[in-house]
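Student: Sequence and predicted structure, then a few things I'm wondering about:
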Amino acid sequence: MTALRIVLWDIDHTLVDMRGIGRELSAQAFERTTGVPMLRQAKIDGITESVIFRETAKLHGLTVDRNDFERFADALAEAHIRRNADVREQGHALPGASAALEALAVLPGVTQTVVTGNVRAVAEIKLQAFGLERTITWGIGAFGEDDDVRAELVRISLKRAAAAFGGAVEPANAVLIGDTPADVEAAVQNGVPVIAVATGRSTADDLRDAGATCVLPDLRDTASLVTIVKNQGRRQ
């Protein structure tokens, strides 16, 4: 039976803020994979991990392939595991994140997952570090190793949900929650309602310009978020 509503969560700057530890761990994994210290990092907001790795390599005069990315992804996951105590100490769940996840989890017919540029192993570690993983159905999510393009990740997640629930999941039966114009655009391109939260580097105006008609300052107002999700994320 198809779920009444699939909630597609972004992770970084939507549910958690790594406060610098993420870049540090990426640098460790980059040097381990390429043998070259990471002096600069490509744009990361709203970008999938595979693209960040490839573009960062270009900044260092390197050409990398899929095998290199897979080795980088493994090294990145290992770095997060090894430095888990630092992740917990330096990073934090964003205000309202835990309450929002728990409140949506008790709504009849709602299933929550993640659509993220992170590779799955790192996504799991990040949410587990702050106790945010309990309500997530991981098997229907989409991750940075699945495709370079965020809009494709939304499509992949809907297909996985359809397979899991035994029938097509219409875009209108999903809602994406994210903090970047790339999140908004990925949802809009797929006809998925979107709730944008101005908890990252993008302003509310940036998010509206990208196509979001529903923009919240953060996740603190749990009751409002629940109401909006019930109404398919459509609020002016």
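Tutor: Arrived safely, thanks for sending.

Student: Show me how the protein divides into domains.
Tutor: Structural domains assigned to the chain are 5-17+92-230, 21-89, following automatic domain parsing.

Student: just checking, which of the ones you listed sits deepest inside the structure?
Tutor: Mean neighbours per residue, mean count of other C-beta atoms under 10 Å, is largest over the domains of the chain for domain 5-17+92-230, with a mean of 20. All C-beta spots, glycine's among them, are computed from the backbone N, C-alpha and C.

Student: what is the rounded mean pLDDT of that one?
Tutor: Domain 5-17+92-230 shows a mean pLDDT of 96.

Student: mind checking the end-to-end distance for that domain?
Tutor: With C-alpha to C-alpha, to the nearest Å as the measure, domain 5-17+92-230 spans 8 Å from end to end.

Student: how about the strands in this protein?
Tutor: 5-9, 16-17, 92-93, 110-114, 174-178, 194-197, 215-216 (DSSP state E).

Student: contacting residues around the first one?
Tutor: So the one you mean is strand 5-9. With contact meaning C-beta atoms under 8 Å, 6 or more residues apart in numbering, strand 5-9 is reached by 15, 101, 104, 107, 109-116, 136, 140-141, 154, 157-158, 161, 169, 173-178, 187, 192, 229-230, 232.

Student: Pairing partners for it, with directions?
Tutor: strand 110-114 (parallel), strand 174-178 (parallel) (DSSP bridges).

Student: ok, now how distant is the closest residue to Leu15 other than its chain neighbours from Leu39?
Tutor: Spatial nearest neighbour of Leu15, chain neighbours left out: Ala97 (4.5 Å); criterion: C-beta to C-beta, 6 or more residues apart in numbering. Distance from Ala97 to Leu39, counting by C-beta to C-beta, to the nearest Å: 33 Å.

Student: And Thr199, by the same measure?
Tutor: Between Thr199 and Leu39 the distance is 29 Å, computed by C-beta to C-beta.

Student: hang on, the earlier thing: could I get the strands paired with strand 5-9 as a markdown table with distance to Phe30?
Tutor: Converted to a markdown table, the strands paired with strand 5-9 look like this (distance: least, C-beta to C-beta, whole Å):
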| stretch | distance to Phe30 |
| --- | --- |
| strand 110-114 | 23 |
| strand 174-178 | 25 |
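
Student: ok, Val16 - contacts?
Tutor: Val16 sits next to 91-94, 97, 126-127, 129-130, 132 when contact means C-beta under 8 Å, 6+ apart.

Student: Out of these, flag the one nearest to Asp205.
Tutor: For these, the residue nearest Asp205 by C-beta to C-beta is Leu94; the value is 20.3 Å.

Student: if I read this right, that closest one contacts Asp218, doesn't it?
Tutor: Yes: shown here, Leu94 and Asp218 form a contact pair, counting by C-beta atoms under 8 Å, at 6.9 Å.

Student: who touches both of the two?
Tutor: Residues touching both Leu94 and Asp218 (C-beta under 8 Å, 6+ apart): Thr199.

Student: So for Lys43, what's the pLDDT?
Tutor: 87.

Student: got it, and the one 4 residues further on?
Tutor: Per-residue confidence at Ile47 stands at 91 (pLDDT).

Student: Ramachandran coordinates for it?
Tutor: Torsion angles at Ile47 (phi, psi; degrees, to the nearest 10) stand at phi -110, psi 140.

Student: That one: what's it in contact with?
Tutor: 55, 117, 150, 182.

Student: Just the ones of those in helices?
Tutor: Among these, the members falling in helices are 55, 150, 182 (criterion: DSSP state H).

Student: Include distance to Leu225 when you put the strands of the chain into a markdown table, please.
Tutor: Below are those laid out as a markdown table (distance: least, C-beta to C-beta, whole Å):
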| stretch | distance to Leu225 |
| --- | --- |
| strand 5-9 | 10 |
| strand 16-17 | 17 |
| strand 92-93 | 15 |
| strand 110-114 | 12 |
| strand 174-178 | 8 |
| strand 194-197 | 7 |
| strand 215-216 | 7 |
